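>>> sequence? don't have it. structure:
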């Protein structure tokens with residue numbers, strides 16, 4: 001089992017989760033990007049487990065260039081290039097949840113997948129290309145650290161791809177039948193630093 005260390009740095013995860021322990025205004029994780037990439041099409045996937053039913057952020061890059069956040073029990077907020085969409089979530093969403101956001105720039109469409117199943121696709125026209133460099137914040141909205149409460153729960157399998165994954169591939173990822181790693185962010189090689197009461201522990205997710 002990984003050691004219980006606060007403020008730990010680590011590169012790459014195989015069977016470990018990030019465990020956000022405290023409902024506060026400061027807990028988050030900094031994920032460093034290894035190279036700069038410009039994204040038009042993209043797919044962002046991650047897996048989380050929380051009891052929170054109030055507003056919290058899961059993934060935040062450059063404020064709202066790329067944001068995945070929970071608004072409430074039934075709403076997920078997605079921001080791409082500063083433009084926001086809201087998606088309705090299934091009722092009684094508990095335990096480990098696999099979520100993917102896929103943007104098809106040429107079609108002007110964004111899809112949200114929950115546990116491999118798509119919600120209704122929504123239109124997002126004229127959103128700019130996103131230049132990814134520097135770092136990503138997990139567990140907090142990037143411009144609201146110190147102002148709003150952070151995510152509480154576990155997170156694993158954070159991957160970002162520079163293409164639109166097919167529904168079949170996303171379904172296989174959700175079921176654990178594929179371990180295809182992102183070429184922008186890969187969970188197996190991710191470089192992270194925990195801030196506040198966030199620790200790295202063996203995941204409770206069934207492999």
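Okay, I see it. All values reported here derive from a predicted model rather than from experimental measurement.
>>> now residue 70, what are its backbone angles?
phi -90, psi 120 (degrees, to the nearest 10).
>>> you'd agree it is up against residue 56?
Yes. The criterion here is C-beta atoms under 8 Å, and residue 70 meets it with residue 56 at 5.3 Å. Where C-beta positions appear, they are placed from N, C-alpha and C, glycine not excepted.
>>> and the contacts of stretch 138-153?
18-31, 48-52, 54-63, 67, 69, 137, 155, 158, 192, 196, 198 (C-beta atoms under 8 Å, 6 or more residues apart in numbering).
>>> make it 6 Å
Stretch 138-153 is contacted by residues 20, 23-25, 27-29, 31, 48-50, 52, 56-57, 60, 63 when judged by C-beta atoms under 6 Å, 6 or more residues apart in numbering.
>>> and those residues, which two are the farthest apart?
49 and 63 (26.0 Å; C-beta to C-beta).
>>> out of the two, which sits in the busier spot?
Between residue 49 and residue 63, counted using other C-beta atoms under 10 Å, the more crowded position is residue 49 (17 against 14).
>>> between the contacts of stretch 138-153, which sits nearest residue 184?
Residue 184 lies nearest to residue 31 out of these, by C-beta to C-beta, at 10.9 Å.
>>> among the contacts of stretch 138-153, which are in strands?
Members of those lying in strands (criterion: DSSP state E): 20, 28-29, 31, 48-49, 56-57, 60.
>>> gap between residue 70 and residue 83?
Distance from residue 70 to residue 83, counting by C-beta to C-beta, to the nearest Å: 18 Å.
>>> which residues of this protein score low on pLDDT?
Within the chain, the segments meeting pLDDT under 70 span 1-8, 146, 206-207.
>>> mind running it again at 50?
1-5 (pLDDT under 50).
>>> was I right about residue 17 contacting residue 187?
No. In terms of C-beta atoms under 6 Å, residue 17 does not count as a neighbour of residue 187; the distance is 10.4 Å.
>>> count the residues that sit near residue 11.
Residue 11 is flanked by 11 other residues according to other C-beta under 10 Å.
>>> is the residue lying closest to it once chain neighbours are set aside in a bridge, and if so with what?
In this structure, residue 11 finds its nearest non-sequential neighbour in residue 191, 4.7 Å apart by C-beta to C-beta, 6 or more residues apart in numbering. Here residue 191 sits in beta bridges with residue 11, residue 32, going by DSSP bridges.
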